[in-house]
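Visitor: For reference, the sequence and a predicted model appear below.
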Amino acid sequence: MRGGERILVVEDDADLSELLRELLRSEGYHADVAPDGRTAVRAATQSPPDALVLDVMLPDMTGFEVCQSLKLHRATNLIPILMLTALSDGASERSGLRVGANRYLTKPFDPTDLLAEVRRALDHRHELAGRKTHTSVVLQLESDCRARGQLNDLLSELFVLTPLTDEEIHHIRYAALEMIENAAEWGNRRQRDLMVTIDYEVTDELVKFVIADQGPGFDPTDLPHAAGDCDPAAHLAFREKLGLRQGGFGILIARGMVDEFAYNTRGNQVTLIKYFRKKRSSGAHETSS
Amino acid sequence: MATLAHTNIDGVRVLRLAGILNQDGVDIIRSEFTAEIDDAAPLVIDLSGVDIIHTPGIGILLGAHRERQKVGARLFITGASGGVAEVLHTCRLDRVFTMIPVPADAIEQARQA
């Protein structure tokens, strides 16, 4: 049994919060309780815990709003958050774009599952420390892309937390936006109930986006409707035949803007990496899967 | 947010695009843009005011290029700089379009076309 870490429980139901506190203490953790979102944000900012167990339904704000408050600030960005949701709660309804938690657990939950998820969240924190990660945020975007403006604003806020130059920000942001649009349009076919997940991480050496859709995936090597390296216009006739709009440059552009660009085997997840200048000069290279 | 302004300089039609040419921006200007490219006279598209161009923006430029090619009409792209020029270069579209860096030079070439 491990423990000793400090966990902040954010739950307005007094009985449940006491139950959670006792459960965590039985496992050797130190557990504090905050009854609402604002108290939680204040407490976590003044004395950052090792993890948060956060209910999605709070009296003053949703758990996602608490996530956003914590994840967009340097001092609290890396605190892992385990969010407790209920299938029928209104706050779990999608809201265009939201900052996500690290892990989720649906109520009612088994105490063993809760403890296991807390442990996974804490282990994830140690992994990030091992990678020298100093910013890690997960965003979730509905695929009808009504929240484009919000996404742009949120990315701007995120980049403030990094040591990137303006040029580096421009390049990685450009590539990420192209791939997010691709994931929504082609991966999820703009179905609102399908999400694009955007995993953003900054370490001492690099900034990384992992962008995933919920679609069936595709073969990145077989894209007759996308621009190729040799002839940038060769694919246009094919697109015209299929009744597609003139375009198909997203992957070509994104690949040119980053240092590493790779799809997973299924083709529904792409990883973009931009190294900071010092690392690039020592010979990073592009990879693809 | 994207905008489109059209002028006539020395008998040459010039379309000035500005702002961000992403999907939202293109949706704003599309119908007006489409109406402006339907003419056989030489046309200059000035990108000096464009901050960022994404795939949808590239799409309407390409669409214009191809439509005008079909009827033998000339199209000149000018004013691309910074990130916009970089994107068009990354796509190798600077080999497809007739790109003239300085708008005054593009207007002159269009006038003589």
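Guide: The structure has been received and is ready for your questions.
Visitor: So A:Q68 sits against A:R98, correct?
Guide: Yes - in terms of CB atoms under 8 Å, A:Q68 counts as a neighbour of A:R98; the distance is 7.2 Å. (Each C-beta comes from the backbone N, C-alpha and C, glycine too.)
Visitor: the strands in the chain, which residues?
Guide: Going with chain A. A:6-10, A:30-34, A:51-55, A:81-86, A:97-99, A:103-107, A:133-142, A:195-203, A:206-212, A:260-263, A:269-275 (DSSP state E).
Visitor: Sorry, I should have been clearer: chain B.
Guide: Secondary structure of chain B (DSSP E): strands at B:2-9, B:12-21, B:43-53, B:75-78, B:98-100.
Visitor: And the last one, what does it pack against?
Guide: Counting contacts by 3 or more CB pairs under 8 Å, 6 or more residues apart in numbering or on different chains; DSSP states H and E, strand B:98-100 is packed against strand B:75-78.
Visitor: The strand it packs on near chain A anywhere?
Guide: No - on the criterion CB under 8 Å from any CB of the partner chain, strand B:75-78 is out of touch with chain A, staying 13.5 Å away.
Visitor: Could you list every helix and strand in contact with that strand?
Guide: Taking 3+ CB pairs under 8 Å, 6+ apart as contact, the helices and strands that strand B:75-78 lies on are strand B:43-53, helix B:55-70, strand B:98-100, helix B:103-112.
Visitor: Parallel or antiparallel, which strands does that strand pair with?
Guide: strand B:43-53 (parallel), strand B:98-100 (parallel) (DSSP bridges).
Visitor: any chance of the strands of chain A in JSON lines, plus mean neighbour count, mean pLDDT and distance to B:L61?
Guide: What follows is the strands of chain A, written out as JSON lines (neighbours: other CB atoms under 10 Å in any protein chain shown; pLDDT from 0 to 100; distance: least, CB to CB, whole Å):
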{"stretch": "strand A:6-10", "mean neighbour count": "23", "mean pLDDT": "97", "distance to B:L61": "50"}
{"stretch": "strand A:30-34", "mean neighbour count": "19", "mean pLDDT": "96", "distance to B:L61": "53"}
{"stretch": "strand A:51-55", "mean neighbour count": "27", "mean pLDDT": "96", "distance to B:L61": "47"}
{"stretch": "strand A:81-86", "mean neighbour count": "22", "mean pLDDT": "90", "distance to B:L61": "44"}
{"stretch": "strand A:97-99", "mean neighbour count": "23", "mean pLDDT": "83", "distance to B:L61": "29"}
{"stretch": "strand A:103-107", "mean neighbour count": "16", "mean pLDDT": "89", "distance to B:L61": "43"}
{"stretch": "strand A:133-142", "mean neighbour count": "21", "mean pLDDT": "89", "distance to B:L61": "27"}
{"stretch": "strand A:195-203", "mean neighbour count": "21", "mean pLDDT": "92", "distance to B:L61": "26"}
{"stretch": "strand A:206-212", "mean neighbour count": "23", "mean pLDDT": "94", "distance to B:L61": "26"}
{"stretch": "strand A:260-263", "mean neighbour count": "18", "mean pLDDT": "95", "distance to B:L61": "24"}
{"stretch": "strand A:269-275", "mean neighbour count": "22", "mean pLDDT": "94", "distance to B:L61": "25"}
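Visitor: okay, the ones you listed in CSV with distance to A:H126 next?
Guide: CSV is the format used below for these (distance: least, CB to CB, whole Å):
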stretch, distance to A:H126
strand A:6-10, 15
strand A:30-34, 17
strand A:51-55, 11
strand A:81-86, 15
strand A:97-99, 22
strand A:103-107, 14
strand A:133-142, 11
strand A:195-203, 14
strand A:206-212, 18
strand A:260-263, 24
strand A:269-275, 22
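Visitor: Of all those strands, which one is nearest chain B?
Guide: Proximity to chain B, assessed across the strands of chain A by CB to the nearest CB, is greatest for strand A:260-263 (12.3 Å).
Visitor: Strand partners (parallel or antiparallel) of that closest one?
Guide: Applying DSSP bridges to the sheet, strand A:260-263 is found paired with strand A:269-275 (antiparallel).
Visitor: which parts of chain B sit against chain A?
Guide: So chain B meets chain A at B:22-24, B:52, B:54-56, B:58-60, B:62-63, B:66, B:83, B:87, B:90-93, B:95-96 (CB under 8 Å from any CB).
Visitor: what about 7 Å?
Guide: B:23-24, B:54-56, B:58-59, B:62-63, B:66, B:83, B:87, B:90-93, B:96 (CB under 7 Å from any CB of the partner chain).
Visitor: And for stretch B:70-84, what's in contact with it?
Guide: Identification of contacts with stretch B:70-84 by CB atoms under 7 Å, 6 or more residues apart in numbering or on different chains yields A:170, B:40, B:42-48, B:50, B:52-53, B:61, B:64-65, B:68, B:88, B:97-103, B:106, B:109-110, B:113.
Visitor: which residue is nearest the middle of the chain?
Guide: This is for chain A. What sits nearest the mean C-alpha location of chain A, by CA atoms, centre = their mean, is A:V138, with 1.6 Å.
Visitor: I was thinking of chain B, sorry if that wasn't clear
Guide: Most central in chain B (CA atoms, centre = their mean) works out to B:I45, at 3.1 Å.
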